[in-house]
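Engineer: turn this into a model:
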Amino acid sequence: MEDRRTTTTSHNIDLELGASVDAATILRTTVPMGVSAAFLRKFRSNIEPHATTSDVCRQFILPGTSSRQCAYIELLDGQLSDDGFKATSPATVFVSHAWRYRFHHVVEAMLDYAADHPNAYFWFDLFVNNQNKAADLPQDWWSTTFKSSIRAIGAVMLVLSPWNDPVPMTRAWCLWEILCAVTQTEVEFSIRLPRSQRRAFHDGLADNFDVILDSLRNVDARKAGAYREHDKDMIFKAIEDSIGFDLMNERVKEPLRKWYLQTTIDVTNAMVLMEDPSERQGRLLLNVGRALFDFGRYEPALHFLRFAAATLQNVLGDIDGNVAEALQHQARALMSLGRLDEAIETAARSLTMRRKVYGEQHLKVAECFNTLGLICSRRAEYDRALNYYTDALTMQEALVGEAHEDVGLTLNNMGNTYSRKGQRDTATTCLERAYALRVKVHGHDHPTVATTLNALGNNAARSAPKDAMKHYSEALAIREAVLGKAHPDTGQSCNNLANVLSRQGQVDKAMVLYHRALAIRKASLGERHADVAITLNNLAGMHARNSQYQEAIEVSEEALAIRVAALGDNHPDTAASRTNLAKSYLAVKRWADAKCELELAFVVRKLTPNFHDGYPYVSCCDYLVQACEALGLVQEALMYAQLRLAQPCGNEGALRKAQKQVQRLQEQAAKSASPVLATASLDIQSQTVQASPAQPGPSLEIQSQAWQVSSAKQASSMPPLEIQSQTMVESPGKQASSHAATNPAEGKKPRKRPSRLRRFFSRQKD
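Structural biologist: Residues are numbered from 1 along each chain as shown. Coordinates of the predicted model:
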């Protein structure tokens, strides 16, 4: 129902938009009255199929009630329907609809509802309101009595039509009714699609999976209209005085989003059961999978995409462009779930198939290069990823020019990877081009624009935190509005925005966002996903900066366990978790534990050139110097100090400090009678990665023996390579006493931890 306050005693009806609310009708009983499904079915039989609700009002309701000047429902008082039950009774569901709808469609939706709710009585304004009189009720009535009436009824049913551009989303009254439902926990809100729209829903999804996203993007209460400007002003003021337009849009979109996704799954499953496999069915399954993927439902998306590939392969054969497309999107779903080995294998199959179908130079082939680049970037194979992106970009610009949306995708991915490598100027150039192109193609409030804003924030986080804050905030606003508060991308924005707030000292706000990001990621991705570890790692850093070291250790160990399982020991993110864990160990003087974690992290850092401007490698050396000195291992401390000096990172002051550190350790080593440890003579510079762009890089298996000290007793005191988090938390005393028996420096007062250590607790962007 769109506009209830437009009828007059002279029958001057708004034929397009609707009729009025009679306050006396609503207020005369505790629960407003409704009409039965049997009555609606019989009444519909007399109505021409193409008549709108406005037509029915003019042709039937007004002539039938003009003599008594009453609501139509009053004529039914005491009557029985064909099923023997009363035609009227206290309403159990409020019907929200548009008067321009075909009357038959609205009744279809109500009868479908009645099939699930046999005792339903419908508050349907056409019959319940007095269409002969206009009601001019004050704003307070709508925000109090009207809402109370909906609460008394207990349920609101929204009739949605057409499915891809629903009229109610453009009418102020309908939005107000939805708001009255979703802001009251006692009220059940449901959406019904007329039967005639279900086939259109199938066909639309088969043709274009973006229609759901576009429909939600178009929901904006500020753009809603009403027949009378006075009504619109009243509704807008009520919204502004209560929750505001932004929250209003969010409250309206959330149930719509859930309904779209669930209906997509239900309708598709029903069609698959009823129809034989066909190309059309396969395309529908493919687009359903893509739609679910866009809304962060990666597991069900993967299910539908695999079903699509199998259906299309069965119908079209093993080598077909549609099958290749299904494999392509499977690879992205697998990547988002952290199953990188399966993802790269599936993407390679798609590439091989597309080359056979389309040839070497085609946009579909370039799309495969992009996906392979994304997977390689997730695996920290940055040079290999850039090779794929460069091939994709060259092909795209040659085929469609520099202004195509596919070019924007590739530029975004290249910028992200350059940023991860520390080449921030090159990253900025790519990302700014991608941003301008995507805004031009999609408009500002689009998820792809938010993705590029997030990448710009990542790139600016270290050098321009104010710019990063702006980019992250814009990305978060877009993602919340379009994708919803529970989407994994929203969790990503919360995590990154919290990083900036943390650096600015806004600890409380940062912690709220970190916990929100963690809850979103665990709910949408699972407890053991690599993205969960990102937020855990950042939370551990926050605990450490607040001197809550035991909490930091526990959270860091959880993050490390996830990363070892999801990414492997040789990934830079795993090294980051080891480094953060080691910092907390240093803070509580668990020197041996810290040294073990740092040595494992050091190998990965050394084998990842230019990762984050080299900062983690340098800081790893700094912390190893501290741990080795505390353990009395002067020669090892000197080795790491020299390595740190060989690749300085920071300003001149930091460089001078490193030089003085090396000089001091050289003097100590000269005075020491300790033999040079085996690790001091290792040729670390010789360990490099020679990853061919066409082949995966070699497995970076960490050789534990090369990094253990030569003393057998000292080696035996170190924990094993695969650190078990419970062991590290529960038995620090045992490890300390074991080490004290063999380490001559243990009885001495340990070196004081540098007062500025807290500055170095790293935060991770994603």
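
Engineer: any regions of the stretch 201-350 of the chain where pLDDT drops low?
Structural biologist: Across the stretch 201-350 of the chain, residues meeting the criterion (pLDDT under 70) sit at 202, 205-215, 217-218.

Engineer: now the helices for it?
Structural biologist: Taking DSSP state H, counting those that start in this stretch, the helices of the stretch 201-350 of the chain run over residues 211-217, 229-241, 244-274, 279-294, 298-316, 321-336, 340-358.

Engineer: will you turn those helices into a markdown table that also has distance to Asn129 and mean neighbour count?
Structural biologist: In short, each C-beta sits where N, CA and C put it, glycine included. Conversion of the helices of the stretch 201-350 of the chain to a markdown table gives the following (distance: least, Cβ to Cβ, whole Å; neighbours: other Cβ atoms under 10 Å):
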| stretch | distance to Asn129 | mean neighbour count |
| --- | --- | --- |
| helix 211-217 | 29 | 19 |
| helix 229-241 | 15 | 16 |
| helix 244-274 | 24 | 17 |
| helix 279-294 | 38 | 23 |
| helix 298-316 | 42 | 21 |
| helix 321-336 | 49 | 24 |
| helix 340-358 | 57 | 19 |
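
Engineer: which one of the ones you listed lies closest to Val106?
Structural biologist: Among these, helix 244-274 comes nearest to Val106, with 17.4 Å by Cβ to Cβ.

Engineer: what is that closest one packed up against?
Structural biologist: helix 172-182, strand 188-192, helix 195-207, helix 211-217, helix 279-294, helix 298-316, helix 465-482 (3 or more Cβ pairs under 8 Å, 6 or more residues apart in numbering; DSSP states H and E).

Engineer: switch the helices of the stretch 201-350 of the chain over to CSV; also include distance to Gln396.
Structural biologist: Conversion of the helices of the stretch 201-350 of the chain to CSV gives the following (distance: least, Cβ to Cβ, whole Å):
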stretch, distance to Gln396
helix 211-217, 23
helix 229-241, 44
helix 244-274, 30
helix 279-294, 20
helix 298-316, 24
helix 321-336, 16
helix 340-358, 14
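
Engineer: so which of those helices is nearest Tyr389?
Structural biologist: When the helices of the stretch 201-350 of the chain are ranked by proximity to Tyr389, the top entry is helix 340-358, at 13.7 Å, counting by Cβ to Cβ.

Engineer: so which elements touch the closest one?
Structural biologist: On the basis of 3+ Cβ pairs under 8 Å, 6+ apart, helix 340-358 makes packing contacts with helix 321-336, helix 363-378.

Engineer: follow-up on the earlier one: for Gly443, find the nearest of the helices and strands packed on helix 244-274.
Structural biologist: The minimum distance between Gly443 and those falls on helix 211-217, with 8.2 Å, by Cβ to Cβ.

Engineer: dump the residue contacts of the residue lying closest to Leu292 once chain neighbours are set aside.
Structural biologist: With sequence-adjacent residues excluded and distances taken as Cβ to Cβ, 6 or more residues apart in numbering, Leu292 is closest to Ala301, at 3.9 Å. Each residue near Ala301 by Cβ atoms under 8 Å, 6 or more residues apart in numbering is listed here: 289-290, 292-293, 329, 333.

Engineer: nearest to Phe103 among the helices and strands packed on helix 340-358 would be which one?
Structural biologist: Taking Cβ to Cβ as the criterion, helix 321-336 is the member of the helices and strands packed on helix 340-358 that comes nearest to Phe103, at 40.8 Å.

Engineer: that closest one to helix 363-378, inter-axis angle?
Structural biologist: Calculated by axes from the mean of the first three to the mean of the last three Cα atoms, to 10 degrees, helix 321-336 forms an angle of 10 degrees with helix 363-378.

Engineer: using CSV, write down the CA coordinates of helix 321-336.
Structural biologist: What follows is the C-alpha trace of helix 321-336 in CSV, where atoms were taken according to Å, rounded to 0.1, in the frame of the first residue of the first chain:
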residue,chain,number,x,y,z
GLY,A,321,32.9,-22.0,-22.8
ASN,A,322,30.1,-22.3,-20.3
VAL,A,323,31.8,-25.2,-18.6
ALA,A,324,35.0,-23.1,-18.5
GLU,A,325,33.1,-20.2,-16.9
ALA,A,326,31.7,-22.4,-14.2
LEU,A,327,35.2,-23.7,-13.4
GLN,A,328,36.5,-20.1,-13.4
HIS,A,329,34.0,-19.1,-10.7
GLN,A,330,34.6,-22.3,-8.8
ALA,A,331,38.3,-21.3,-8.6
ARG,A,332,37.3,-17.9,-7.1
ALA,A,333,35.0,-19.5,-4.5
LEU,A,334,37.8,-22.0,-3.5
MET,A,335,40.3,-19.1,-3.2
SER,A,336,37.9,-17.2,-0.9
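
Engineer: list the helices and strands it packs on?
Structural biologist: Contact partners of helix 321-336 among helices and strands, from 3+ Cβ pairs under 8 Å, 6+ apart: helix 279-294, helix 298-316, helix 340-358, helix 363-378.

Engineer: rebuild those as JSON lines, extending it with distance to Phe201.
Structural biologist: Supplementary listing: the helices and strands packed on helix 321-336 in JSON lines, determined by distance: least, Cβ to Cβ, whole Å:
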{"stretch": "helix 279-294", "distance to Phe201": "10"}
{"stretch": "helix 298-316", "distance to Phe201": "16"}
{"stretch": "helix 340-358", "distance to Phe201": "28"}
{"stretch": "helix 363-378", "distance to Phe201": "27"}
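
Engineer: tell me which of those lies nearest to Gln548.
Structural biologist: Each of these was checked against Gln548 via Cβ to Cβ, and the shortest separation belongs to helix 363-378, namely 31.1 Å.

Engineer: give me the distance between the closest one and the centre of its chain.
Structural biologist: Here helix 363-378 shows a centroid-to-chain-centroid distance of 21 Å under the convention Cα atoms, centre = their mean, to the nearest Å.

Engineer: make CSV out of the contacts of Ala301 and add distance to Phe127.
Structural biologist: What follows is the contacts of Ala301, written out as CSV (distance: Cβ to Cβ, whole Å):
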residue, distance to Phe127
Gly289, 43
Arg290, 43
Leu292, 40
Phe293, 44
His329, 48
Ala333, 48
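
Engineer: ok, of these, which one's closest to Ala91?
Structural biologist: The shortest gap between Ala91 and any of those belongs to Leu292, at 35.7 Å (Cβ to Cβ).

Engineer: mind listing what the closest one touches?
Structural biologist: Contact partners of Leu292, counting by Cβ under 8 Å, 6+ apart, are 261, 264-265, 298, 300-301, 304.

Engineer: can you check Val31 too?
Structural biologist: With the criterion set at Cβ under 8 Å, 6+ apart, Val31 makes contact with 90-91, 152-153.

Engineer: about what we covered before: adding distance to Val252, write the helices and strands packed on helix 244-274 out as CSV.
Structural biologist: Formatted as CSV, the entries for these read as follows, by distance: least, Cβ to Cβ, whole Å:
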stretch, distance to Val252
helix 172-182, 5
strand 188-192, 10
helix 195-207, 20
helix 211-217, 10
helix 279-294, 19
helix 298-316, 24
helix 465-482, 11
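
Engineer: ok, which of the ones you listed comes nearest Ala561?
Structural biologist: If you check each of those against Ala561 by Cβ to Cβ, helix 298-316 wins as the nearest, at 21.6 Å.
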